[in-house]
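Student: Structure of the sequence below:
(chains A and B)
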Amino acid sequence: MRAPDNPVAVKDGVLLAVENVSLGFGGVKALTDVSFDIRKGEIRAIIGPNGAGKTSMLNCINGFYYPTEGSITFKGLKRPKMRPYEAARGGIARTFQNVALFKSMSTLDNIMAGRSLKMRSSFFWQLFRHGPAMTEEVAHRRVVEEIIDFLEIQHIRKTPVGRLPYGLQKRVELGRALAMEPDLLLLDEPMAGMNLEEKEDMSRFIFEVNQQFGTTIALIEHDMGVVMDLSDRVVVLEYGQKIADGTPDEVKSNQRVIDAYLGVAH
Amino acid sequence: MFYREAGQYKSNYKADMAIFPLREDKIGIGVIILAAYSLAFLGDSFLLQAVMIPFLVFSLAAIGLNILTGYAGLLSLGTGAFMGVGAYACYKLMTAFPDVNVIVWIFVSGFFSAAIGALFGLPSLRIKGFYLAVATLAAQFFLQWCFIRIPWLVNYNVSGALDAPLRTLFGVPIIGATATPQTRYLVVLTIVVVLTWLASNLVHGRIGRAWIAIRDMDLAAELMGIRPLQTKLLAFAVSSYYCGVAGALLVFLWYGGAEYDVFNINQSFFILFMVIIGGLGSLIGSFFGAALIFIMPIVLGIVLPAMFSPFGISVGSDTIEHLRFMIVGALIIFFLIVEPHGLARLWQIGKQKLLVWPFPY
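Tutor: Model (predicted):
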């Protein structure tokens, strides 16, 4: 990663600042002039109707897309164009709207794969699975087991994740993201398609991750009850533009938000 | 009854993460290796020369392709050419430096094909699946062209063929006309055992997980910090290393000399079929695949005439040949229908059932 041109001082504990970001695919504008920030330690929700540009926003943040205009400042440094693995190295982890697990691997191996960045042993020792390579495997296994305990998925430790029900897959995916010990965790609809009980579990995990580990979370979710309960601040997008930003209560009473969700009488 | 998980408790992660966590599996592997070694002293030279040596060579090549196609999910049709690079590199090295032991050169020649493999793996960052397979065809044709057109590779030998000069290990000839099938088998077996062990270490650790991650979901893998280009090129390099060593073994320890023709596209397909039938992403599957595709026809060639003769039916050798093709073809289709994931999966299912036998679950 090359050195950023103009480091901006971290102000008010801002972990990530999105400034005037626009993203276009040919003639289609996915995002137009969106600005918001994510503060250290908060749960920040990004909501909006379908096609509002929420996932595009996340894709910009973790380097799948590069904004056509505007800039993203992470940890006080303006980010150059980067690949997703560089964003990962910087401390950004993410889960996907459609579960993106490594289907043929077990739960254990999936979460171990999340530790890839922290593993350093050389190819030579890997060949012999001995010495530093094995010490490292065991050390990371211990961390992975803690995550497994935390997410209460001990019983599916060795099951290939392709065979797991959807709710558990989502949980494993959260575990894999947590294994990266990220500074910023992006969750793309972590509760989509879950029943009430699973949603409650997932909400509890997200809340505990935030409280126990102090992980900053950016969350896209359609369940308004969950969003309003969990998040500290909410940003609302519609047609690629930001229409509201504030605490859940502020957003809830914002007329533009109500219009966006319920439609306007003509 | 003899194969039980129950009662085998693991008290640390290291034991739990062992490649064979079950005591019975460890014993099983020990017995298989022991049996393979004793075969050198029990088997006759036909069995060693015409069955076991080629079986091991093909297994090694299949492991190579399996690392690339099975683990990293990158389809390649250049296997034959990469085997050729190993063979030609080994030939050049052992004729240029005859004083160094040939075993060293066999292992070193793999690095040449690893480098060439990584070079032809570069397009894999941009193209996937069948398109990548077509791109690796370029390797197959270009390298084969090199084998024919560059006489330097065969030391300007007028016949254009690779020959096997006499080479010894501890005074015993292992390459060349005087090497017995027995010693050659022992050398091949040892190399295959060592390389299989290394491959199994690799695929069970960080690197293997990175390969599988790239195969299963490359976008998510990249988000875990796994760099796609390095991971794919490493897969190409390691895979080609195995193919290269297999190629060197094929020419010098099995054929005892060969022409460029051995490394043609048919060889690539032959190995690919072994990998698919044996099971993608399974080392033991590579051995099963090689056994089914290579040994099965030989066994049928012996068994079929023996089956007809008691009834006094005399069958022509060409009919036997046709029958052999038909039966092997039918078996391939049968196994692929029963278990599309290959023989390795059948083996796994069998072991699962055995664990709870005599109960159904």
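Student: Show me where the chain has its strands.
Tutor: Went with chain A since none was named. Using DSSP state E, the strands of chain A run over residues A:14-25, A:28-39, A:43-47, A:69-74, A:77-78, A:92-95, A:184-188, A:216-220, A:233-238, A:241-246.
Student: not quite, I wanted chain B
Tutor: In chain B, the strands defined using DSSP E lie at B:162-163, B:167-169, B:172-175, B:257-258.
Student: any residue of the lengthiest helix in chain B up close to chain A?
Tutor: Looking across chain B with DSSP state H, the single longest helix is helix B:181-204. Yes: using C-beta under 8 Å from any C-beta of the partner chain, helix B:181-204 reaches chain A at B:198, B:201, B:202, B:204. Every C-beta, even on glycine, is put in place using the N, C-alpha and C of the backbone.
Student: between the strands of chain A, which gets nearest to chain B?
Tutor: Minimum separation from chain B across the strands of chain A (C-beta to the nearest C-beta) falls at strand A:92-95, 5.8 Å.
Student: now the chain, which segments are flagged as low pLDDT?
Tutor: With no chain named, the answer covers chain A. A:1-12 (pLDDT under 70).
Student: not quite, I wanted chain B
Tutor: Ranges of chain B meeting pLDDT under 70: B:1.
Student: Can you give me the domain assignment for chain B?
Tutor: B:1-9+B:21-42, B:43-356 (automatic domain parsing).
Student: picking that back up, take the strands of chain A and write them to JSON lines, including distance to residue A:200.
Tutor: Converted to JSON lines, these look like this (distance: least, C-beta to C-beta, whole Å):
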{"stretch": "strand A:14-25", "distance to residue A:200": "28"}
{"stretch": "strand A:28-39", "distance to residue A:200": "25"}
{"stretch": "strand A:43-47", "distance to residue A:200": "16"}
{"stretch": "strand A:69-74", "distance to residue A:200": "32"}
{"stretch": "strand A:77-78", "distance to residue A:200": "38"}
{"stretch": "strand A:92-95", "distance to residue A:200": "18"}
{"stretch": "strand A:184-188", "distance to residue A:200": "16"}
{"stretch": "strand A:216-220", "distance to residue A:200": "16"}
{"stretch": "strand A:233-238", "distance to residue A:200": "20"}
{"stretch": "strand A:241-246", "distance to residue A:200": "26"}
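Student: Rebuild these as a markdown table, extending it with distance to chain B.
Tutor: As requested, those are exported to a markdown table (distance: least, C-beta to the nearest C-beta, whole Å):
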| stretch | distance to chain B |
| --- | --- |
| strand A:14-25 | 16 |
| strand A:28-39 | 18 |
| strand A:43-47 | 18 |
| strand A:69-74 | 15 |
| strand A:77-78 | 18 |
| strand A:92-95 | 6 |
| strand A:184-188 | 9 |
| strand A:216-220 | 14 |
| strand A:233-238 | 22 |
| strand A:241-246 | 25 |
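Student: and residue 152, how many residues sit next to it?
Tutor: Picked chain A for this. For residue A:152, the neighbour count with other C-beta atoms under 10 Å in any protein chain shown is 13.
Student: right idea, wrong chain: chain B
Tutor: 9.
Student: The one 5 residues further on too?
Tutor: Neighbouring residues of residue B:157 were enumerated by other C-beta under 10 Å; the total is 13.
Student: So which bits of the stretch 151-266 of chain A are right by chain B?
Tutor: Residues of the stretch 151-266 of chain A lying near chain B (C-beta under 8 Å from any C-beta): A:176, A:180.
Student: the helices in the stretch 151-266 of chain A, which residues?
Tutor: Under the criterion DSSP state H, counting those that start in this stretch, helices of the stretch 151-266 of chain A are mapped to A:166-178, A:196-213, A:224-230, A:248-252, A:255-262.
Student: which one of those helices lies closest to residue B:329?
Tutor: Of all the helices of the stretch 151-266 of chain A, it is helix A:166-178 that lies closest to residue B:329, at 39.4 Å by C-beta to C-beta.
Student: Wait, residue B:13 touches residue A:136, no?
Tutor: No: between residue B:13 and residue A:136 there is no contact under C-beta atoms under 8 Å: 11.5 Å.
Student: near chain A, which residues of chain B show up?
Tutor: Residues of chain B lying near chain A (C-beta under 8 Å from any C-beta): B:12-14, B:16-17, B:19, B:198, B:201-202, B:204-207, B:209-210, B:212-213, B:216-217, B:219-228, B:234, B:281.
Student: which of the residues you listed are buried?
Tutor: By neighbour count, with 16 or more other C-beta atoms under 10 Å in any protein chain shown, the residues of chain B next to chain A hold B:13, B:16-17, B:198, B:201-202, B:204-207, B:209-210, B:212-213, B:216-217, B:220-228, B:234, B:281 as buried.
Student: Excluding covalently adjacent residues, which one is nearest to residue A:119?
Tutor: residue B:206 (4.7 Å; C-beta to C-beta, 6 or more residues apart in numbering or on different chains).
Student: Mean neighbour count and distance to residue B:117 added to the strands of chain A, as CSV?
Tutor: Converted to CSV, those look like this (neighbours: other C-beta atoms under 10 Å in any protein chain shown; distance: least, C-beta to C-beta, whole Å):
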stretch, mean neighbour count, distance to residue B:117
strand A:14-25, 18, 36
strand A:28-39, 19, 40
strand A:43-47, 25, 44
strand A:69-74, 18, 38
strand A:77-78, 16, 39
strand A:92-95, 26, 33
strand A:184-188, 25, 37
strand A:216-220, 24, 41
strand A:233-238, 23, 47
strand A:241-246, 18, 50
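Student: follow-up on the earlier one: now the helices of the stretch 151-266 of chain A in JSON lines, with mean neighbour count?
Tutor: Output for the helices of the stretch 151-266 of chain A, formatted as JSON lines (neighbours: other C-beta atoms under 10 Å in any protein chain shown):
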{"stretch": "helix A:166-178", "mean neighbour count": "23"}
{"stretch": "helix A:196-213", "mean neighbour count": "16"}
{"stretch": "helix A:224-230", "mean neighbour count": "16"}
{"stretch": "helix A:248-252", "mean neighbour count": "16"}
{"stretch": "helix A:255-262", "mean neighbour count": "14"}
